[in-house]
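> quick one, fold the following:
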Amino acid sequence: MFQIQNTLVSLDLAEQFFCCDLDACLGACCIEGDAGAPVTEAEAAEIERLVPVIEPDMLPRAIQEVRENGVAYRDPDGELVTTILDGRNCAFSCYGKGGVCLCALEKAYREGRSEGSFRKPASCALYPLRLKEYPTFTAVNYHSWKICEPARKLGRQKGIRLYQFLEGPLTERFGAEWYAELKDNCELYLREYPDGLS
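Numbering: from 1, shown residues only. Now for the predicted structure:
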């Protein structure tokens, strides 16, 4: 683990290669799973504000589900997560060419239809990382999932490490100084252990 400011960061960020390959996975992380994406109360409020903007991109059943049950719910662990359909699909997913699953929130942001800086929940932007908040620190861990095998393969082909792929979201979440320290730690670690510790 790296200790960076008030975070403990998994060595996986240095060791793992990763680069999303939407053509191969078709955005499966927005579809698979048994719960929605973790969101904060503030993020849920932003999504609520944007529902009228993104409804044209949402599935009809998703619109109905959100209208009846809201944009988020508490999962069995008590965590606030985005509303889902059929126990899996994120209600805010939409589909592009070739059946690629996209985020309606991010689509509206990229097209300049959503006022403000909200693009999508931080947990989505940071995936495949998961954050766990503790009283005195935040744990930053890698969530390894079989559906991301194309991303690991493409990352290895391109030589892109996980910390490099997520530079933007990590900087947005923790700040430029934090990311610079992470980068220095990862580069030093890879010089000493180019193949990881295992």
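> helices or strands next to the helix ranked longest in the chain in the packing?
What stands out as the longest helix in the chain, according to DSSP state H, is helix 176-192. On a contact count with 3 or more Cβ pairs under 8 Å, 6 or more residues apart in numbering; DSSP states H and E, helix 176-192 meets strand 2-4, strand 7-9, helix 12-15, helix 162-165, helix 167-174. Heads up, the C-betas are built off the backbone N, CA and C, glycines and all.
> for those, give me CSV that also has distance to R130, mean neighbour count and mean pLDDT.
Formatted as CSV, these follow (distance: least, Cβ to Cβ, whole Å; neighbours: other Cβ atoms under 10 Å; pLDDT from 0 to 100):
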stretch, distance to R130, mean neighbour count, mean pLDDT
strand 2-4, 16, 17, 94
strand 7-9, 12, 20, 96
helix 12-15, 11, 22, 96
helix 162-165, 12, 22, 97
helix 167-174, 12, 17, 94
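> which among these is found nearest to Y73?
helix 167-174 (23.5 Å; Cβ to Cβ).
> list the contacts of that closest one.
5, 7, 122, 125-126, 129, 131, 163, 178-179, 182-183 (Cβ atoms under 8 Å, 6 or more residues apart in numbering).
> got a quick PyMOL command for the buried subset of those?
Buried residues among these (16 or more other Cβ atoms under 10 Å), as a PyMOL selection:
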select buried, resi 7+122+125+126+129+163+178+179+182+183
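> would JSON lines of the contacts of helix 167-174 with distance to L154 be doable?
JSON lines is the format used below for the contacts of helix 167-174 (distance: Cβ to Cβ, whole Å):
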{"residue": "Q5", "distance to L154": "31"}
{"residue": "T7", "distance to L154": "27"}
{"residue": "A122", "distance to L154": "23"}
{"residue": "A125", "distance to L154": "19"}
{"residue": "L126", "distance to L154": "18"}
{"residue": "L129", "distance to L154": "17"}
{"residue": "L131", "distance to L154": "24"}
{"residue": "Y163", "distance to L154": "16"}
{"residue": "W178", "distance to L154": "26"}
{"residue": "Y179", "distance to L154": "22"}
{"residue": "L182", "distance to L154": "22"}
{"residue": "K183", "distance to L154": "21"}
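> Three-state assignment for L102, please.
Secondary structure, DSSP: H, G, I helix; E, B strand; the rest coil: L102 is strand.
> burial measure for it, as a count.
By the criterion of other Cβ atoms under 10 Å, L102 has 19 neighbours.
> quick one: it from S93, how far?
7 Å (Cβ to Cβ, to the nearest Å).
> try K107
Noted for K107: a distance of 10 Å to S93, by Cβ to Cβ.
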